[in-house]
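*Asks:* need a structure here:
(2 chains)
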Amino acid sequence: MTSLRTLGSVAGAAAVVGGLVLVATPATAADTATVSIIHGVPNTPVDVYVNGEELLPDFQPGTLTDPLQLPAGEYDLAIFPAGADPASTQPVMKADDVTLPAGADATVVAHLTAEGTPVLTPFVNDLSPVPAGQARVSVRHVAAAPPVDVRADGTPVAQGLTNADEATLNVPAGSISADVVLAGSDTVVIGPADLTLAEGTSSVVYAWGSEEAGYDLAVQSFSGMHSMPAGVPGGSAGLAGGSSLSLVTAFSAAGLALAGAGAFRLARSRG
Amino acid sequence: MRPAAASAVLGLALAVGAPTVWALTRPEAAAGIPVEQALPAPAASSGASPLPALPAPTTRSSRPTEVRPAPAPARISVPALGVAAPVDAVGIADDGQMELPEDVSRVGWYRFGPEPGAGGSAVLAGHVDDREQGPGALLPLRDAAVGDEVTVTDVAGTVTRWRVVSRELITKQVLPVERIFARDGAPRLTLITCGGPFLPEYRSYRDNVVVVAEPAP
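*Replies:* Next up, the predicted model:
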């Protein structure tokens, strides 16, 4: 899974990325990968092409796809300005030989580098189980901005995050007020925004945009990673169940004592 | 008959009779179908359906959305057992077990699972007793019978009605938590307290009393 991450940012039209081992041609869900695409390049509606075929026309900034099940394997991704003819137009962003291993869950982010160049960056989504009572939150810096700190209720949870990097942590489930500041400062770049971090889910929070177009937060949610409570406690006095047995034992013992005393007196009166 | 003989006979009768009566009158450890059968089965993993070469994607806004929680349950009652208790939303204790209200006259609802009536198993649980406070609100659960009606009222005043289909005494170590805390499948109401033998050395009961109810027709 992490190998996908090493593909890193694929900048510019000419970039070609070395792929990993090609996975055999799949036919069923067992051999599929899950991919979402999120658009974080301001003011640029695009068409998304996969292996030369149009997957998604007129994809708008500030939107994302629901997870797509794709056969595991290698894919060439190309992003063109919306409505452009791919035969005669240079793609805005392009990534060749992106490997999607079977079982992987990834999000491909169309975004700006710190300097403002459009790129595609694949991130692997951590969908491992979340401890009961907690929520996972990943923060990904995909904005044309210097390193930032991400704060939850004023407390930094990710510090010095650079463009195309991410931080992941588990936190108690609940609502937080999140904002993004320039690293090491109190200069708020984005937010604050109220985020609901539901128990057993993963929220991936993207800081995206540019100084000219404005910055914003985008959120991608994953559910179904919850864990169960270890058990149910309850009761410390022994009033239920157990006590009735000791009461029975006491009655029975008293009966035996009474019988013994009676028999003893009976024997003595006869002797 | 002389008093000595009478006391010998009475004593023997008591010595034999007390355990016999106890054995005959104690509640059955289980009633109805097994708990695991009454609870929704875990969702099957995604099917192995053939995939189209390129699926048609759907898109949505990536803006943070506000999640409006469903109304939490506020009261539970089981008229046949004389149970009527307020309900508190609870989560996870430090030891990883379900948290329960300290006050044994109150019942906890596992707020990370479904609310009663939603898909899956809504769990309401309470302490059976406490050394200082005495018997808990759910102590009578051990006598629950198939068909007993349970009503749950939420904070908005909406009532859901349920009928008991299963009661079982389950050793705590093998409690089927995956089923009991299931978050999908048919709606079920699962009531839990403690029961079985009291283990003084652990200041705890060996078992959980688990009662499963289905929506009343």
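
*Asks:* just the buried positions in stretch B:106-117, please.
*Replies:* B:R106, B:V107, B:G108, B:W109, B:Y110, B:R111, B:F112, B:G113, B:P114, B:E115, B:P116, B:G117 (16 or more other C-beta atoms under 10 Å in any protein chain shown). C-beta: built from backbone N, CA, C; applies to glycine.

*Asks:* so of those, which ones are in helices?
*Replies:* For those, not one is inside helices, with DSSP state H as the criterion.

*Asks:* show me the subset of those residues that also lies near chain A.
*Replies:* Of the entries in the buried residues of stretch B:106-117, the ones placed beside chain A under the rule of C-beta under 8 Å from any C-beta of the partner chain are B:Y110, B:F112.

*Asks:* okay, now B:T158: neighbour count?
*Replies:* By the other C-beta atoms under 10 Å in any protein chain shown criterion, the neighbourhood of B:T158 contains 14 residues.

*Asks:* look up the closest residue to it, ignoring the ones flanking it.
*Replies:* B:P71 (6.7 Å; C-beta to C-beta, 6 or more residues apart in numbering or on different chains).

*Asks:* redo the buried residues of stretch B:106-117 as JSON lines? Include distance to A:A259.
*Replies:* As requested, those are arranged in JSON lines below (distance: C-beta to C-beta, whole Å):
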{"residue": "B:R106", "distance to A:A259": "47"}
{"residue": "B:V107", "distance to A:A259": "46"}
{"residue": "B:G108", "distance to A:A259": "48"}
{"residue": "B:W109", "distance to A:A259": "52"}
{"residue": "B:Y110", "distance to A:A259": "52"}
{"residue": "B:R111", "distance to A:A259": "56"}
{"residue": "B:F112", "distance to A:A259": "57"}
{"residue": "B:G113", "distance to A:A259": "55"}
{"residue": "B:P114", "distance to A:A259": "57"}
{"residue": "B:E115", "distance to A:A259": "58"}
{"residue": "B:P116", "distance to A:A259": "54"}
{"residue": "B:G117", "distance to A:A259": "58"}
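
*Asks:* isn't B:V9 right up against A:G262?
*Replies:* Yes. Using C-beta atoms under 8 Å as the test, B:V9 is close enough to A:G262 to be in contact (7.4 Å).

*Asks:* pLDDT score for the residue nearest the centre of chain B?
*Replies:* Centroid-nearest residue in chain B: B:L191, 1.9 Å away (criterion: C-alpha atoms, centre = their mean). The predicted local distance difference test score for B:L191 is 98.

*Asks:* what's the spacing between the residue nearest to B:T158 and B:T65?
*Replies:* Computed as C-beta to C-beta, to the nearest Å, the B:P71 to B:T65 distance reads 19 Å.

*Asks:* try B:P200
*Replies:* 52 Å.

*Asks:* before we move on, what about A:D126?
*Replies:* In this structure, A:D126 lies at 21 Å from B:T65, with C-beta to C-beta as the measure.

*Asks:* between those two, point out the one with more neighbours.
*Replies:* Comparing A:D126 with B:T65 by other C-beta under 10 Å, the one with more neighbours is A:D126, at 17 against 12.

*Asks:* list the residues that contact that one.
*Replies:* Taking C-beta atoms under 8 Å, 6 or more residues apart in numbering or on different chains as the definition of contact, the neighbours of A:D126 are A:R136, A:S138, A:T168, A:S202.

*Asks:* could you list which of the residues you listed belong to strands?
*Replies:* When DSSP state E is applied, the contacts of A:D126 are split such that A:R136, A:S138, A:T168, A:S202 fall in strands.

*Asks:* ok so, going back, the more surrounded of B:V9 and A:G262?
*Replies:* The neighbour comparison of B:V9 against A:G262 (other C-beta under 10 Å) goes to A:G262, with 21 against 15.

*Asks:* is that one in a helix, a strand, or coil?
*Replies:* helix (DSSP: H, G, I helix; E, B strand; the rest coil).

*Asks:* so which residues of the stretch 1-150 of chain A form strands?
*Replies:* Along the stretch 1-150 of chain A, the stretches classed as strands by DSSP state E, counting those that start in this stretch are A:10-11, A:32-39, A:46-50, A:53-59, A:63-65, A:68-71, A:73-81, A:93-100, A:105-112, A:118-124, A:134-144, A:148-152.

*Asks:* I'd like the average pLDDT over the third one.
*Replies:* Strand A:46-50 shows an average pLDDT of 96 in the prediction.

*Asks:* again with the fourth one
*Replies:* Across strand A:53-59, the average pLDDT comes to 94.

*Asks:* anything in the helix ranked longest in chain B near chain A?
*Replies:* The single longest helix within chain B, with elements called by DSSP H, is helix B:3-25. Yes. Interface with chain A: helix B:3-25 contributes B:3-19, B:22 (C-beta under 8 Å from any C-beta).

*Asks:* before we move on, back to that, in CSV: the contacts of A:D126, plus pLDDT, distance to A:P101 and neighbour count.
*Replies:* Written out in CSV, the entries for the contacts of A:D126 read as follows (pLDDT from 0 to 100; distance: C-beta to C-beta, whole Å; neighbours: other C-beta atoms under 10 Å in any protein chain shown):
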residue, pLDDT, distance to A:P101, neighbour count
A:R136, 97, 21, 24
A:S138, 96, 20, 20
A:T168, 96, 19, 14
A:S202, 96, 19, 24
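
*Asks:* which two from these end up farthest apart in space?
*Replies:* In the contacts of A:D126, the most distant members under the criterion C-beta to C-beta are A:T168 and A:S202, with 8.4 Å between them.

*Asks:* contacts only, for the residue in chain B sticking out farthest from the centre.
*Replies:* Centroid-distance maximum for chain B: B:R2 at 54.3 Å, with C-alpha atoms, centre = their mean. The contact partners of B:R2, taken as C-beta under 8 Å, 6+ apart, are A:L266, A:S269.

*Asks:* the nearest residue to B:G185 once chain neighbours are set aside: neighbouring residues, count only.
*Replies:* Excluding its sequence neighbours, the residue lying closest to B:G185 (C-beta to C-beta, 6+ apart) is B:P40, at 2.4 Å. B:P40 sits with 16 neighbouring residues when counted by other C-beta under 10 Å.
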